[in-house]
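S.K.: No sequence on hand, only this structure:
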């Protein structure tokens with residue numbers, strides 16, 4: 001009887017820990033810039049004055065209202081809006097509220113600095129470097145960025161999705177200059193949110209991932225001797241690992257009693273299964289597993305380049 005009670009308590013404990021994770025779904029799905037967004041909050045990046053179509057997917061009677069902190073909203077019908085971004089750089093907030101209680105979303109519309117404002121290798125004193133002139137294999141995924149996100153000390157901690165902040169993705173190896181600039185693809189944010197959710201569904205209690213390397217400027221990337229077409233310079237790649245106790249060592253994810261390459265493989269297997277799932281075809285990309293060095297622990301590279309790559 002005692003054993004049965006202990007077993008039931010253990011099951012309840014496991015169920016509680018798994019259910020305690022909140023993936024951050026808004027109850028709404030908003031299509032913006034070709035991307036279906038289910039999260040609250042979330043962030044898209046636009047150019048000054050850019051027009052963005054917003055389509056709310058749901059039942060025809062699902063009336064949604066939108067409020068804007070700045071910029072122009074044009075209502076087409078209850079489920080279709082247009083938003084004209086302001087000229088002012090930085091974050092502007094759209095608040096979406098559905099007719100059904102609990103269905104709501106904060107959509108950050110972050111106005112970038114146009115790439116045309118870059119002067120040589122520099123943008124406002126921050127060294128970006130030079131992007132390749134030619135596309136890799138004529139793939140449009142390797143086009144130069146049209147704009148850069150300006151990261152300041154004030155917006156560093158901006159919540160761009162339920163479990164990630166803007167500052168986690170800056171080029172950490174270029175310290176001492178503010179503002180900083182970067183590129184970030186929202187598809188990468190979604191892929192990392194899904195990875196986090198799936199890790200929790202495996203019985204782990206994880207609220208975020210440590211982003212060891214997100215955006216890397218072409219200048220910094222070249223200083224490392226990396227390839228000129230690294231996905232990090234295009235803002236859709238991140239080297240990540242799980243570190244819930246902040247000891248700079250990957251957590252024991254596979255529960256073998258130690259931190260090892262097996263834990264990076266555990267994360268990689270989740271990405272592998274996602275890239276094989278037709279539902280996540282739009283997120284397909286590269287996957288790399290890295291050994292521990294004197295500079296970092298075991299980790300994985302994840303990107304959304306649009307085709308499968310492995311190393």
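M.R.: Structure received. Because the structure is a prediction, the values reported are computed rather than measured.

S.K.: going forward, measure contacts between C-alpha atoms and count neighbours the same way
M.R.: Fine.

S.K.: I'd guess residue 45 is in a strand, am I close?
M.R.: Yes. Residue 45: assigned to a strand according to DSSP: H, G, I helix; E, B strand; the rest coil.

S.K.: okay but it is in contact with residue 109, surely?
M.R.: Yes. Residue 45 is within contact range of residue 109, at 5.9 Å (criterion: Cα atoms under 8 Å).

S.K.: which residues touch the closest residue to residue 93 other than its chain neighbours?
M.R.: Leaving out its chain neighbours, the residue that sits closest to residue 93 by Cα to Cα, 6 or more residues apart in numbering is residue 108, at 4.8 Å. The neighbourhood of residue 108, defined by Cα atoms under 8 Å, 6 or more residues apart in numbering, consists of 41-44, 91-94, 160.

S.K.: State the distance from residue 108 to residue 185.
M.R.: 14 Å (Cα to Cα, to the nearest Å).

S.K.: residues contacting residue 231?
M.R.: 237, 303, 305.

S.K.: out of those, who has the most neighbours?
M.R.: residue 303 (30 neighbours; other Cα atoms under 10 Å).

S.K.: ok, of the contacts of residue 231, which one's closest to residue 202?
M.R.: residue 303 (22.1 Å; Cα to Cα).

S.K.: Output the contacting helices and strands for the helix or strand hosting residue 212.
M.R.: When elements are assigned from DSSP states H and E, residue 212 belongs to strand 210-213. If contacts are counted by 3 or more Cα pairs under 8 Å, 6 or more residues apart in numbering; DSSP states H and E, strand 210-213 sits against strand 237-241.

S.K.: and the next element down the chain from the strand it packs on?
M.R.: Taking DSSP H and E, what comes next after strand 237-241 is helix 261-276.

S.K.: Quick check: buried residues in that following helix?
M.R.: Neighbour counts over helix 261-276 (16 or more other Cα atoms under 10 Å) mark 261-268, 271-272, 274-275 as buried.

S.K.: With stretch 145-154 instead?
M.R.: 145, 147-152.

S.K.: next one: stretch 47-56
M.R.: For stretch 47-56, by 16+ other Cα under 10 Å, it's 47-48, 51-56.

S.K.: out of those residues, what pair is the most spread apart?
M.R.: Across these (Cα to Cα), the longest gap, 23.2 Å, separates 48 and 56.

S.K.: ok so, going back, out of residue 45 and residue 109, which sits in the busier spot?
M.R.: residue 109 (25 against 21).

S.K.: my guess is the more buried one is in a helix, correct?
M.R.: No. Assessed by three-state DSSP, residue 109 does not belong to a helix; its assignment is strand.

S.K.: Spell out which residues make up each domain of the protein.
M.R.: 23-111, 113-311 (automatic domain parsing).

S.K.: In a markdown table: those domains, plus mean pLDDT.
M.R.: A markdown table is the format used below for those (pLDDT from 0 to 100):
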| stretch | mean pLDDT |
| --- | --- |
| domain 23-111 | 93 |
| domain 113-311 | 96 |
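
S.K.: and residue 104, what does it touch?
M.R.: 26-28, 40, 95-98.

S.K.: Restricted to strands, list these.
M.R.: 26-28, 95-98 (DSSP state E).

S.K.: Show me what stretch 64-82 is in contact with.
M.R.: 51-57, 60, 62-63, 83-86, 92-99.

S.K.: Start and end of that stretch, how far apart?
M.R.: First residue to last in stretch 64-82 (Cα to Cα) measures 13 Å.

S.K.: ok, the contacts of residue 108 vs residue 309, which is closest?
M.R.: Relative to residue 309, and with distances defined as Cα to Cα, the nearest of these is residue 44, at 25.7 Å.

S.K.: wait, the closest one sits on residue 186?
M.R.: Yes. Between residue 44 and residue 186 there is a contact at 6.4 Å, judged by Cα under 8 Å.

S.K.: residues contacting residue 210?
M.R.: Here residue 210 is in contact with 168, 240-243 (criterion: Cα under 8 Å, 6+ apart).

S.K.: Highest neighbour count among these?
M.R.: residue 242 (25 neighbours).

S.K.: re earlier: can you put the buried residues of stretch 47-56 in CSV and add secondary structure and distance to residue 134?
M.R.: What follows is the buried residues of stretch 47-56, written out as CSV (DSSP: H, G, I helix; E, B strand; the rest coil; distance: Cα to Cα, whole Å):
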residue, secondary structure, distance to residue 134
47, coil, 23
48, coil, 26
51, strand, 28
52, strand, 28
53, strand, 31
54, strand, 33
55, strand, 35
56, strand, 37
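
S.K.: Good, we can wrap up now.
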